[in-house]
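K.L.:
return atomic coordinates for the entry below.
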Amino acid sequence: MLEPDAAQMCNPERLAPWMDQHVPEAGNGPIQATILTGGATNIVMRIERGGIPVVLRRPPLTPRPDSAKVLSREARVLSALNGTGVPAPRFYAACETQDVIGAPFYLMENIVGWLALGEKTLPDAFKPAEIRRQMPFALIGGIARLSTVDYKAVGLEGFGKPDGFLERQVDRWLHQHASYAESEGYGYRPLPHKDEVVSWLRANTPAMPRAGIIHGDYGWPNALMAPDLPVRLAAMIDWELSTIGDPLIDLGWLMYSVPSERSAVEPPKLFQDPAYPKREELVDHYAAVSGRPVAHLTYYMILAQFKLAMLLERHYARGLNGRLPRDKGEEMGALVLELLRSAAEMGREHDGQPIKMRT
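P.N.:
From the prediction side, this is the model:
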């Protein structure tokens with residue numbers, strides 16, 4: 001039986017004949033649709049017809065101006081990754097018009113797995129410390145394998161603009177921050193260390209290594225772990241920010257918050273299981289799997305924190321204007337300051353300057 005909202009979002013009478021033609025392996029029975037997630041970005045539904053279950057991804061009922069473009073890019077990158085060995089859902093088919101369900105959509109593999117979002121989400125088999133220690137290696141392995149894919153060979157030439165990619169990053173995120181004046185009515189606030197971080201990034205932008213596919217938002221919330229042992233990554237999900245550029249961007253995004261054996265900088269206070277390996281061991285694993293040398297890691301970690309700070313400042317602004325609860329905005333605002341503090345200290349440590357030890 002269809003949930004009423006599910007029927008509105010997938011138009012089963014028109015979807016069924018479309019699936020008969022494009023995804024016959026899903027079966028030919030009546031459509032059973034279950035909403036898995038639904039929000040401001042995308043709606044995700046499981047579709048069952050007696051064959052293999054599939055997942056439908058479509059824009060929300062009130063789409064953003066770029067919803068169709070974003071969905072099309074997701075479908076394109078997932079299609080390109082079919083058969084590459086990268087742990088991603090298999091892509092089946094896409095419809096770029098509104099003719100079938102009233103919105104563009106695509107169908108992909110239904111992955112069975114779980115999200116490691118903290119101690120409370122751990123299945124019993126994964127609770128021993130020696131098992132938990134293996135999980136970050138599986139996480140890192142996803143982007144390491146992704147970085148080995150020749151994006152041109154899989155049809156993604158033109159998917160991004162790798163030339164000048166790193167040189168554009170600081171201005172890209174400064175522009176994002178500046179946009180909140182219009183979108184959120186934000187009058188700005190002093191952000192200690194922001195100018196210092198910007199200056200450091202501009203002065204230390206490395207030459208970009210071989211371009212590759214970037215996930216763009218990779219971490220535990222977008223990594224489905226296989227449901228049974230041994231520990232392994234079932235699929236990298238939510239590809240809406242993927243592009244072509246420097247794959248070490250994804251590594252920096254994961255590594256800035258991981259404690260280090262060699263650095264005195266205290267990372268931002270994000271969840272870190274004490275059983276997890278230190279940063280250096282995970283970076284070595286990335287290098288071994290990817291075959292890429294990991295140079296200038298400090299730059300990528302500082303850039304990741306700067307980018308996230310500029311993104312999260314929007315949540316602080318929304319707490320002020322009432323679009324988010326005030327306490328949530330304040331929480332995000334405090335994290336912005338922590339990210340910029342950590343980024344600045346990483347830059348100083350890299351340059352041989354003393355940093356203030358925190359107690």
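
K.L.:
what ranges do the helices span in the protein?
P.N.:
4-10, 12-22, 67-81, 129-132, 135-146, 165-178, 180-183, 194-203, 248-255, 279-290, 297-321, 326-350 (DSSP state H).

K.L.:
how about the residue nearest to Leu146 when sequence neighbours are not counted, phi and psi?
P.N.:
Leaving out its chain neighbours, the residue that sits closest to Leu146 by C-beta to C-beta, 6 or more residues apart in numbering is Val86, at 5.1 Å. C-beta coordinates here come from the backbone N, C-alpha and C atoms, glycine included. Note on Val86: backbone dihedrals following degrees, to the nearest 10 are phi -70, psi 130.

K.L.:
return the residues in contact with the residue nearest the centre of the chain.
P.N.:
Geometric centre of the chain, nearest residue: Asp217, 1.9 Å, by C-alpha atoms, centre = their mean. Shown in contact with Asp217 (C-beta atoms under 8 Å, 6 or more residues apart in numbering): Asp238, Glu240, Leu241, Trp253.

K.L.:
so which of the residues you listed wins on neighbours?
P.N.:
Trp253 (23 neighbours; other C-beta atoms under 10 Å).

K.L.:
what pLDDT does that one get?
P.N.:
For Trp253, the pLDDT comes out at 97.

K.L.:
over to Arg358?
P.N.:
56.

K.L.:
ok, Gly118 next?
P.N.:
Model confidence at Gly118 (pLDDT) stands at 84.

K.L.:
for the one 10 residues further on, same thing?
P.N.:
The predicted structure scores Pro128 at 96 on the pLDDT scale.

K.L.:
same question, Arg58
P.N.:
Reported pLDDT for Arg58: 96.

K.L.:
what sits against the nearest residue to it once chain neighbours are set aside?
P.N.:
Spatial nearest neighbour of Arg58, excluding adjacent residues (C-beta to C-beta, 6+ apart): Phe105 at 4.0 Å. Phe105 makes contacts with Leu56, Arg57, Arg58, Leu71, Ala94, Cys95, as judged by C-beta under 8 Å, 6+ apart.

K.L.:
got TSV for the residues you listed, with neighbour count and distance to Arg132 too?
P.N.:
Output for the contacts of Phe105, formatted as TSV (neighbours: other C-beta atoms under 10 Å; distance: C-beta to C-beta, whole Å):
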residue	neighbour count	distance to Arg132
Leu56	26	33
Arg57	25	30
Arg58	23	35
Leu71	23	35
Ala94	19	37
Cys95	19	41
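
K.L.:
of these, which is the nearest to Lys269?
P.N.:
Proximity of these to Lys269 (C-beta to C-beta) peaks at Arg57, which lies at 33.1 Å.

K.L.:
how much space separates the closest one from Arg348?
P.N.:
43 Å (C-beta to C-beta, to the nearest Å).

K.L.:
what's the neighbour count on the closest residue in space to Glu313 that isn't next to it in sequence?
P.N.:
Closest residue to Glu313 apart from its sequence neighbours, by C-beta to C-beta, 6+ apart: Val336 at 5.2 Å. Val336 has 23 neighbouring residues, counting by other C-beta under 10 Å.

K.L.:
Leu311 is in contact with Val336, correct?
P.N.:
No. When contacts are counted by C-beta atoms under 8 Å, Val336 is not listed as touching Leu311 (9.1 Å).
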